[in-house]
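1. how would this look folded up:
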Amino acid sequence: MSDVARLAAAGRACLLAALLSSCSLVQQLSFEKPTLRLTAVEITDIDLSGVAVVLWLEVFNPNDYDISTLRIDAELELEGTQFGNALLEESVVLAGASRTTVKIPAEFEWQGIGAGARALLQRGSLSYDLETRLRVKTSLGTRTVNLGNRGEVDVWN
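-> Residues are numbered from 1 along each chain as shown. From the prediction side, this is the model:
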């Protein structure tokens, strides 16, 4: 093989390597919003002032790369009644193309939670509406993602 042919082959190999690495970079540049669902509400304590719970979320990261939460802020409505807010200000790694269970502790006061509180104590499941803001860190920087989810959730105690 001549020197010119070797240089041409090396040039093609370098070009191919550059194209493949840029494809990987392009994948990192694209960002798909995670999805989540509330899988359970665990009652951890009940007293005269209110109820302490843990919200169990299943978060799916559809991206091929990991992202990390910086903050998760959730507004919870149970049985059509505004129940309150839950906040998690710690980093949780959401592995790429997989589901991660995230537990958010919260305390809710009895005042103003009426029907939702009664259903929480009387039934094994309840209807919910969850509005969540995830502050996430990606290779492209930080962003806030707003997610909504509603359905029926099991109650554990």
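2. and for the closest residue to residue 45 other than its chain neighbours, the neighbour number?
-> Leaving out its chain neighbours, the residue that sits closest to residue 45 by Cβ to Cβ, 6 or more residues apart in numbering is residue 52, at 4.0 Å. Where you see a C-beta, it was placed from the backbone N, CA and C, and this is true even at glycine. Residues lying near residue 52 (other Cβ atoms under 10 Å) number 15.
3. for residue 52, give me its contacts.
-> 43, 44, 45, 46, 105, 106, 107 (Cβ atoms under 8 Å, 6 or more residues apart in numbering).
4. so which of the residues you listed wins on neighbours?
-> Neighbour max across these (other Cβ under 10 Å) = residue 106, 19 neighbours.
5. which SSE is that one in?
-> Taking DSSP states H and E as the criterion, the element that holds residue 106 is strand 98-109.
6. how about the CA coordinates for that strand, as PDB?
-> This file holds the C-alpha atoms of strand 98-109, laid out as PDB (Å, rounded to 0.1, in the frame of the first residue of the first chain):
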ATOM      1  CA  SER A  98     -34.400   3.100  33.500                       C
ATOM      2  CA  ARG A  99     -36.700   3.600  36.400                       C
ATOM      3  CA  THR A 100     -35.700   4.900  39.800                       C
ATOM      4  CA  THR A 101     -37.700   4.800  43.100                       C
ATOM      5  CA  VAL A 102     -37.600   8.100  44.900                       C
ATOM      6  CA  LYS A 103     -39.000   8.500  48.400                       C
ATOM      7  CA  ILE A 104     -40.100  12.000  49.600                       C
ATOM      8  CA  PRO A 105     -41.000  12.500  53.300                       C
ATOM      9  CA  ALA A 106     -43.700  15.000  54.000                       C
ATOM     10  CA  GLU A 107     -45.800  16.200  56.900                       C
ATOM     11  CA  PHE A 108     -49.400  17.400  56.500                       C
ATOM     12  CA  GLU A 109     -51.500  19.200  59.100                       C
END
